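Asker: Provided below for reference: sequence and predicted model.
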Amino acid sequence: MASSLISNPVANSDRLRESKKKKKKKSQNQNQNQNQNQNQNKNKSRWKTQAEQQIYSSKLLEALRQVPRNPSPAPSEALPRGRAVQEAADQALAIAAKGRTRWSRAILTSRLKLKFSKHKRQRVAVTGTSRSKKPRLNIVRLKQKRIAPLQQKASVLGRLVPGCRKLSLPVLLEETTDYIAALEMQVRAMTALTQLLSSTGAGYSAAPADWLGSSRP
Amino acid sequence: MSSRRSRSRQSGSSRITDDQINDLVSKLQQLLPEIRDRQPDKVSSANVLQETCNYIRSLHREVDDLSERLSELLATTETTSAQAAIIRSLLM
């Protein structure tokens, strides 16, 4: 009797160990899949956190203080101040992305190219990075016969997202999802900054105290 | 259809499947405010791509408008480093 009692627990523990091993393998596989999904989710939800927006807002503020208030005395000042602010905002956004995505790296390298070519004709460099120019619909319609509509839309999308003109469709879609999330954060941060500056612009000494009182109940 | 086949033939080495593309397209659909509530089978991938382009363009326009307003606001108020610190703390 005693021996059977002893042997049973041993057999049970063996069985338990085997089932635990099997469970471990299954959970490892599941963990791998989950990690991949988690990484993707982390990347997407990164732009939605308050912390990320705060980091971006402070970077943006510093960049905006560097933007010169008065236009340079040179008559060939092509960039209106609004464009300068928009470029500073994009630059700060690309830096906040920490170079993990193609579009952020493309923004940063395009700025470098602009700096190098600044001594040459400034107009050429400016039109290269402008995104307010009218869409070239005529050229697209000429080519529409041969290119499948899905591919054509994908190429339009590739032109909208910086640095993604020649990417394959899956990579382009991934870049797009991150870019959209980042743009939404940029809009939220700039809206908050605008509201703040417009409300505290006038009465600077009194307003901050009011704001502090209202924002921290 | 033929375009999809030729695309997968070109990228055969990286094994991009239609399922992968469909998965990414459906994820993209969830991000777009216009069509995220529609049934996935009623929204084609071309539709999703079109809406994506429209959405990105509208976001760009918003950023441009906000840049304009910010540039005007910054022109009127010159911020010292102390004021910038106050603004930063108010944003937190």
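Answerer: Yes, it's here. In this text, all values refer to a predicted model and were calculated from it rather than measured experimentally. Numbering: from 1, shown residues only, chains lettered A, B, ... in the order given.
Asker: shaky segments in the chain?
Answerer: Since you didn't name a chain, this refers to chain A. Residues of chain A meeting the criterion pLDDT under 70: A:1-44, A:67-80, A:118-145, A:200-217.
Asker: my bad, the chain I had in mind was chain B
Answerer: Applying pLDDT under 70 to chain B flags residues B:1-14, B:76-82, B:92.
Asker: quick check, central residue of it?
Answerer: Centroid-nearest residue in chain B, with Cα atoms, centre = their mean: B:Ile56, separated by 4.9 Å.
Asker: not counting sequence-adjacent ones, nearest residue to it?
Answerer: Distances taken as Cβ to Cβ, 6 or more residues apart in numbering or on different chains place A:Leu160 nearest to B:Ile56, at 4.8 Å, with adjacent residues excluded. Just so you know, the C-beta spots here come from the backbone N, C-alpha and C atoms, and that holds for glycine as well.
Asker: list the contacts for the residue nearest to the centre of chain B?
Answerer: By Cβ atoms under 8 Å, 6 or more residues apart in numbering or on different chains, the contact set of B:Ile56 is A:Leu157, A:Leu160, A:Val161, A:Thr176, A:Tyr179, A:Ile180, A:Leu183.
Asker: repeat for B:Leu24
Answerer: B:Leu24 makes contacts with A:Pro170, A:Leu173, A:Glu174, A:Thr177, as judged by Cβ under 8 Å, 6+ apart.
Asker: tell me the spacing between A:Leu150 and chain B.
Answerer: Computed as Cβ to the nearest Cβ, to the nearest Å, the A:Leu150 to chain B distance reads 5 Å.
Asker: surely that residue touches B:Ala46?
Answerer: Yes: assessed by Cβ atoms under 8 Å, A:Leu150 is found in contact with B:Ala46 at 5.2 Å.
Asker: ok, A:Leu196 to A:Leu114 distance?
Answerer: 30 Å (Cβ to Cβ, to the nearest Å).
Asker: and the two? which has more neighbours close in?
Answerer: Looking at A:Leu196 and A:Leu114 with other Cβ atoms under 10 Å in any protein chain shown, you find the greater number of neighbours at A:Leu196, namely 21 against 15.
Asker: what strand or helix carries that one?
Answerer: Per DSSP states H and E, A:Leu196 falls inside helix A:169-200.
Asker: quick one: that helix near chain B?
Answerer: Yes: using Cβ under 8 Å from any Cβ of the partner chain, helix A:169-200 reaches chain B at A:169-170, A:173-174, A:176-177, A:179-181, A:183-184, A:186-187, A:190-194, A:196-198, A:200.
Asker: can you classify A:Thr109 as helix, strand or coil?
Answerer: The local conformation at A:Thr109, judged by DSSP: H, G, I helix; E, B strand; the rest coil, is helix.
Asker: state the distance from it to A:Ala94.
Answerer: A:Thr109 sits 9 Å away from A:Ala94, going by Cβ to Cβ.
Asker: which one's more surrounded, the two?
Answerer: Between A:Thr109 and A:Ala94, counting by other Cβ under 10 Å, A:Ala94 is the more crowded of the two (23 against 13).
Asker: tell me where chain A has helices.
Answerer: A:2-46, A:50-66, A:81-96, A:102-116, A:122-129, A:137-143, A:149-160, A:169-200, A:206-215 (DSSP state H).
Asker: for chain B, same thing?
Answerer: With DSSP H as the criterion, chain B has helices spanning B:2-10, B:18-31, B:45-76, B:81-91.
Asker: about what we covered before: which of the residues of helix A:169-200 next to chain B count as buried?
Answerer: A:169-170, A:173-174, A:176-177, A:179-181, A:183-184, A:186-187, A:190, A:193-194, A:196-197, A:200 (16 or more other Cβ atoms under 10 Å in any protein chain shown).
Asker: which residue packs closest to B:Arg57, ignoring adjacent ones?
Answerer: Once flanking residues are discounted, B:Arg57 sits nearest to A:Leu160: 6.8 Å by Cβ to Cβ, 6+ apart.
Asker: next, count neighbours for the one you found.
Answerer: By other Cβ under 10 Å, 21 other residues sit near A:Leu160.
Asker: relative to A:Leu93, how far out is it?
Answerer: According to Cβ to Cβ, A:Leu160 and A:Leu93 sit 15 Å apart.
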